[in-house]
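Enquirer: Next comes the sequence, and after it the predicted model I'd like to discuss.
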Amino acid sequence: MGQQAYTPALGRFGAGQLYDAIIALTGERRWRGAAAGQLALAPEDVVVDVGCGSGSQMLLMHGLEPRARIVGVDPDARMLGLARAKAQRAGATLEFFEGMGDALEAVLPVGSASKLVSSLVLHQCPMPVKRAILASMHRLLRPGGRLVIADFGLQRTRAMRSAFRIVQLADGFEDTQPNADGVLPSLITAAGFVGVREAEVIPTITGSISIYVAEKT
């Protein structure tokens, strides 16, 4: 995937400096907390946040387990700048790399992560890129490691499908509709992960966000 072949944060309506304020409207503290809880962080963990954006998930994880090594990867230099500034203000030692989610091995060694997390990334990607990102995640994760994804999943009710239209207007219908139809568990399984499960479904004003958990054998 080329360096510009991704949908920027908040899609066509987004601006990096507004990202945190807008994402806060989704009730992010709840779904980010749910994702971090499913990671079961430990001091020896190497945790990679794929598509780390402005670093909010990383700072939350650092607060829960400051001894873990927490690494963020994102293709958007503008968002990484925001993330670095937030980490500096918080006095948090975090690592950041500019890179594509479907080529993680270009910035980190294969099998180097004990935990992987990704938030609100896959719904923005075309189907081939969704598959490629999950395959790259599988290569990056060491055996016995855990994957946690927080993203828009199956929109089960009319209210959630209507609310999700906001996201689809921003990020495009073609890329987002497979998520709304519930495609992610099958894609995660096809990438080689086992024990794939939807651990929690959290309704928001822009549709329901699912917390998916899986492991690598």
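Expert: Right, received. Where do you want to start?

Enquirer: Now do Gly72 against Arg78, distance only.
Expert: Plainly put, Gly72 is 14 Å away from Arg78 if you go by Cβ to Cβ, to the nearest Å. From N, CA and C alone the C-beta is placed, and that goes for glycine too.

Enquirer: and if you look at Val213?
Expert: Val213 sits 30 Å away from Arg78, going by Cβ to Cβ.

Enquirer: if you count what's nearby, which of the two comes out ahead?
Expert: Val213 (20 against 15; other Cβ atoms under 10 Å).

Enquirer: Can you tell me the SS state at the more buried one?
Expert: strand (DSSP: H, G, I helix; E, B strand; the rest coil).

Enquirer: Quickly note the distance from it to Leu116.
Expert: Distance, Val213 to Leu116, using Cβ to Cβ: 11 Å.

Enquirer: Now for Arg158, how many residues are close by?
Expert: Around Arg158 there are 8 residues (other Cβ under 10 Å).

Enquirer: Show me the helices in the protein, by range?
Expert: 19-24, 28-39, 56-64, 77-90, 127-140, 158-171, 173-180, 184-190 (DSSP state H).

Enquirer: Quick check: which helices or strands does the shortest one pack against?
Expert: The contact analysis (3 or more Cβ pairs under 8 Å, 6 or more residues apart in numbering; DSSP states H and E) places helix 19-24 against helix 77-90.

Enquirer: burial measure for Asp181, as a count.
Expert: With other Cβ under 10 Å as criterion, Asp181 counts 11.

Enquirer: hang on, it packs against Arg156?
Expert: No. Here Asp181 lies out of contact with Arg156, judged by Cβ atoms under 8 Å, at a distance of 11.0 Å.

Enquirer: residues contacting Leu120?
Expert: Going by Cβ atoms under 8 Å, 6 or more residues apart in numbering, Leu120 touches 23, 51, 53, 150-152, 209.

Enquirer: cutoff 10 Å now
Expert: Going by Cβ atoms under 10 Å, 6 or more residues apart in numbering, Leu120 touches 9-10, 23, 26, 28, 31-32, 51, 53, 57, 149-152, 167, 171, 206, 209.
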